[in-house]
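Engineer: With the input below, show me the fold.
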Amino acid sequence: MSADLDKPKLELVPTAAADPGTIIGPLPVVVPDGEYIVRFSHWDCVFIHHQQKLAISFGIIRPDEYAGLALVRWYNVASIEASGVRNGRFEVGARSKLVADHTTIVRPLMWSSTLPLELWRDIDLRARVETVEARATGMRSSLIRTIERAE
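Structural biologist: Below you'll find the model as predicted:
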């Protein structure tokens with residue numbers, strides 16, 4: 001089997017009103033714990049476990065054996081436009097982890113009231129990844145615990 005066939009096709013079908021059986025949010029991926037070089041892909045606004053969240057997806061670019069797989073970093077947000085919306089509008093607190101990560105990655109020279117995540121698009125980022133298991137379902141997934149510029 002070729003390497004491309006071994007990699008799961010991770011496509012989210014964005015929808016504001018989910019049909020029965022539709023998966024909302026990024027699909028889980030499991031990779032060994034450690035550091036990966038990733039690139040920003042997109043974000044999804046989701047309502048999960050009675051909370052509004054932002055799921056930012058990144059594609060692995062190194063190491064090569066995992067290139068193309070998608071990893072997610074989850075952020076708490078104050079509000080989202082609607083659940084299941086790709087690159088949708090959201091509001092976040094000034095002291096949130098998302099703002100802290102954005103400041104580390106983009107290094108703005110002055111404060112702005114907007115958070116243009118598109119600025120992350122062409123930057124190589126170092127992601128520290130950890131695999132977790134959901135208590136309720138036993139499902140395992142690898143999540144980004146910290147993210148920073150890869151220099």
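Engineer: so who does residue 129 touch?
Structural biologist: Going by CB atoms under 8 Å, 6 or more residues apart in numbering, residue 129 touches 31, 33-36, 71, 142-145. Placement of C-beta: from N, CA and C, glycine included.
Engineer: An error on my part: the question was meant for residue 90.
Structural biologist: Residues counted as contacts of residue 90 (CB under 8 Å, 6+ apart) are 43, 45, 52, 54, 77-81.
Engineer: Pipe the residues you listed into CSV and attach distance to residue 124 per row.
Structural biologist: Shown next, in CSV, are the contacts of residue 90 (distance: CB to CB, whole Å):
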residue, distance to residue 124
43, 18
45, 26
52, 29
54, 21
77, 25
78, 30
79, 31
80, 28
81, 29
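Engineer: still on that earlier bit, ok, the contacts of residue 129 vs residue 151, which is closest?
Structural biologist: Residue 151 lies nearest to residue 35 out of the contacts of residue 129, by CB to CB, at 13.1 Å.
Engineer: Tell me how far the closest one lies from residue 70.
Structural biologist: For residue 35, the distance to residue 70 equals 17 Å [CB to CB, to the nearest Å].
Engineer: Going by neighbour count, which residues of the longest helix along the chain are buried?
Structural biologist: Longest among the helix segments of the chain by residue count, using DSSP state H, is helix 97-106. Within helix 97-106, the residues that count as buried by 16 or more other CB atoms under 10 Å are 98, 101-102, 105-106.
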